[in-house]
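Trainee: sequence first, predicted coordinates after that:
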Amino acid sequence: MPEFASHPVEVRGRQQEESFMVNRDRKLEYLVKLAVLTAIVLLMAYTPLGYLKVGALSITFIVIPVAIGGIILGPAAGAFLGLVFGLTSFAQCFGTDPFGMALLAIDPVRTFIMCILPRVICGFGSAYIFKLLKKIDKTKLLSYIGGSLAAPLLNTFLVLGSLIPLFGSSELIMGMRGNMNIVAFILTIAGVNGLVEAAACGVVSSAVAKAIDAATGRSRKRI
């Protein structure tokens with residue numbers, strides 16, 4: 001029996017159908033990963049897994065899933081996970097975080113801004129830094145480490161950096177500062193928070209993100 005070539009219209013139809021199926025699968029995979037990471041953020045926020053209390057301050061490990069999401073899913077996902085992180089942080093100001101409760105009593109709007117904006121920038125920024133490093137990273141490792149370290153460092157310095165202009169003149173912060181100048185005060189707190197968060201996030205986030213990318217095939221284009 002002679003073989004007949006497929007009609008061009010049929011070929012295009014099959015190609016469009018295959019393209020639709022691939023895009024659908026990628027979007028589904030994206031949403032599933034984002035949903036899982038969102039659930040992890042919420043789990044960590046409301047269990048001892050997410051915070052290490054040091055006096056009135058809290059060292060957070062929630063930056064780990066935020067960094068992972070930004071690296072494997074892109075800046076938009078990083079910003080969304082940062083938003084979820086920020087909302088849980090603000091929610092804790094209503095009863096579980098003594099320092100947050102004190103800030104909330106001073107000004108709820110400024111407290112909301114300090115809880116939300118730095119965390120959104122943290123998620124977006126770490127993902128964007130990863131994307132920039134990925135273009136020049138020949139080791140296929142340093143970009144993951146750089147993106148992972150960016151999340152806790154941005155979180156620490158943006159939160160503390162917003163604390164001074166928003167609450168620096170309050171009796172609470174003036175009492176905590178004592179005789180220290182602003183720079184010394186920020187560096188003292190950041191020295192503890194930043195180092196612990198960076199160590200944990202730098203190791204865990206980079207390892208997990210790289211493993212996920214290797215398993216799912218990072219060579220294909222992000223949605």
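Mentor: Looks like it came in fine. This one's a predicted model, so the numbers in the text were calculated from it and none came from an experiment.

Trainee: C-alpha only now, for contacts and for neighbours.
Mentor: Noted.

Trainee: buried ones in whatever helix or strand A200 lives in?
Mentor: Using DSSP states H and E, A200 sits in helix 182-216. Buried residues in helix 182-216, defined by neighbour count with 16 or more other C-alpha atoms under 10 Å: 185-186, 190, 193-198, 200-202, 204-210.

Trainee: now do stretch 99-118
Mentor: By 16+ other C-alpha under 10 Å, the buried positions in stretch 99-118 come out as 100-101, 103-104, 108, 110-118.

Trainee: at the geometric centre of the chain, which residue do we find?
Mentor: The centroid of the chain falls nearest to V66 when counting by C-alpha atoms, centre = their mean (2.6 Å).

Trainee: quick one: which helix or strand includes T47?
Mentor: Following DSSP H and E, there is no helix or strand that holds T47.

Trainee: look up how far T88 lies from it.
Mentor: Distance from T47 to T88, counting by C-alpha to C-alpha, to the nearest Å: 12 Å.

Trainee: neighbour count for those two, which is higher?
Mentor: T88 (18 against 9; other C-alpha atoms under 10 Å).

Trainee: excluding chain neighbours, what is closest to that one?
Mentor: Spatial nearest neighbour of T88, chain neighbours left out: A45 (6.4 Å); criterion: C-alpha to C-alpha, 6 or more residues apart in numbering.

Trainee: I'd say that neighbour and I64 touch.
Mentor: No - A45 lies out of contact with I64 (C-alpha atoms under 8 Å); the separation is 11.8 Å.
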